[in-house]
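**Student:** Dropping the sequence and predicted coords here.
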Amino acid sequence: MASLPLIQCFHVAKSYVAGEDILRDANLQILKGEFLFLMGPSGAGKSTFLKMLLGLEAPTRGHILVDGRNIHRLSRKDIPAYRRTVGMVFQDFKLLPRDSVAYNVALPLVAAGRPPGLVRSKVKALLQFVGLEKKAGTPCCRLSGGEQQRVALARAVANDPWILLADEPTGNLDPCASAVVMELMKAVHDRGTTVVVATHDPSLLEHIPEARRVHIHEGVFYEEAEASSTVCASALGGPGWD
Ligand SMILES: Nc1ncnc2c1ncn2[C@@H]1O[C@H](COP(=O)(O)OP(=O)(O)OP(=O)(O)O)[C@@H](O)[C@H]1O
């Protein structure tokens, strides 16, 4: 049975400054359960696109639907529930550094109003999942970069989101820690979550060779086959393509 589209972008444009489009006519469908790498050089608009999926930025033109709903037309009261359906991992972790691992992972569960018993059992299961159960009481600032990213991943999936977004999740990690984080992302995907990883680093693709690859170039999305034939050649030796 064919999967249904979970994320649909129709003619999306985004500019921060009038007349300077970061995205200009971006069309994309991401199916439920896909693992997608969003590729593009620095400044291509990858983070901007992820922020739009989170609802932190709105398109200047066009529409983004998630599960059939235009996420930029949600009523104020529906926004928190929508945000809980999307988990996000950042390059710089964005943890509360002085607070413990368990506290950081518990935060989204508490914010969602989960009862204390469920928060405790869920935090325990999440820390087991990322292999940090023995560090539950450790302040995050005393962890390695790889461990911090595993905490951030546990926090991102705490409320069982439909979608996991990751913005250069291994950008601050060594190859070994990167492999562990990518393995965990794959495990999240294997549980049915749709995963979108934005990166400019082609070596990340080796961790999940079967994943779909979409490039952003000059404000438009291209599937990898299309991108390599129509874009890479023209950009050889030029700026802005990796
Ligand atoms: N809040 C903002 N105000 C103005 N310009 C912005 C803002 N956020 C991003 N930009 C600009 O939009 C463009 C795309 O930025 P974005 O961060 O989305 O790119 P990226 O592909 O994620 O790059 P990187 O890999 O370096 O993070 C850049 O030129 C950036 O300077």
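**Tutor:** Done, it's in.
**Student:** from here on, contacts and neighbour counts on C-alpha atoms
**Tutor:** OK.
**Student:** Buried residues in the top helix by length along the chain, which are they?
**Tutor:** Secondary structure assigned by DSSP state H gives helix 175-190 as the longest helix of the chain. Applying a neighbour-count criterion of 16 or more other CA atoms under 10 Å, one finds Ala177, Ser178, Ala179, Val180, Val181, Met182, Leu184, Met185, Lys186, Val188, His189 buried in helix 175-190.
**Student:** Contacts only, for the fourth one.
**Tutor:** It refers to Val180. The contact partners of Val180, taken as CA atoms under 8 Å, 6 or more residues apart in numbering, are Gly146.
**Student:** what about the closest residue to Met182 other than its chain neighbours, neighbour count?
**Tutor:** Nearest residue to Met182, sequence neighbours excluded (CA to CA, 6 or more residues apart in numbering): His207, at 6.6 Å. Residues lying near His207 (other CA atoms under 10 Å) number 14.
**Student:** now Leu53, what's its secondary structure?
**Tutor:** helix (DSSP: H, G, I helix; E, B strand; the rest coil).
**Student:** Next: the one 3 residues further on.
**Tutor:** Under three-state DSSP, Leu56 falls in the coil class.
**Student:** for it, phi and psi?
**Tutor:** phi -80, psi -20 (degrees, to the nearest 10).
**Student:** Okay, Leu107 and Ser178: tell me how far apart.
**Tutor:** Using CA to CA, to the nearest Å, Leu107 is found at 25 Å from Ser178.
**Student:** no wait, Lys77
**Tutor:** Lys77 is 37 Å from Ser178, by CA to CA.
**Student:** and what of Ser144?
**Tutor:** From Ser144 to Ser178 the distance is 12 Å (CA to CA).
**Student:** Give the bridge partners for the residue most central in space within the chain, please.
**Tutor:** Nearest residue to the geometric centre of the chain (CA atoms, centre = their mean): Leu165, 1.3 Å. Under DSSP bridges, the beta-bridge partners of Leu165 are Met88, Val196.
**Student:** if I read this right, Leu23 contacts Ala13, doesn't it?
**Tutor:** Yes: the criterion here is CA atoms under 8 Å, and Leu23 meets it with Ala13 at 4.7 Å.
**Student:** list residues touching both of these two?
**Tutor:** Here Leu23 and Ala13 have Gly219 as joint contacts, going by CA under 8 Å, 6+ apart.
**Student:** Pick out whichever of these two has more residues nearby.
**Tutor:** Looking at Leu23 and Ala13 with other CA under 10 Å, you find the greater number of neighbours at Leu23, namely 26 against 22.
**Student:** Name the nearest residue to that one, sequence neighbours excluded.
**Tutor:** In this structure, Leu23 finds its nearest non-sequential neighbour in Gly219, 3.7 Å apart by CA to CA, 6+ apart.
**Student:** shouldn't that neighbour be in contact with Ile22?
**Tutor:** Yes: shown here, Gly219 and Ile22 form a contact pair, counting by CA under 8 Å, at 5.5 Å.
**Student:** Between these two, which is the more surrounded one?
**Tutor:** Counted by other CA under 10 Å, Gly219 and Ile22 do not tie: Ile22 has more neighbours, with 23 against 19.
**Student:** what residues does the chain put near the ligand?
**Tutor:** Tyr16, Ile22, Pro41, Ser42, Gly43, Ala44, Gly45, Lys46, Ser47, Thr48 (CA under 6 Å from any ligand atom).
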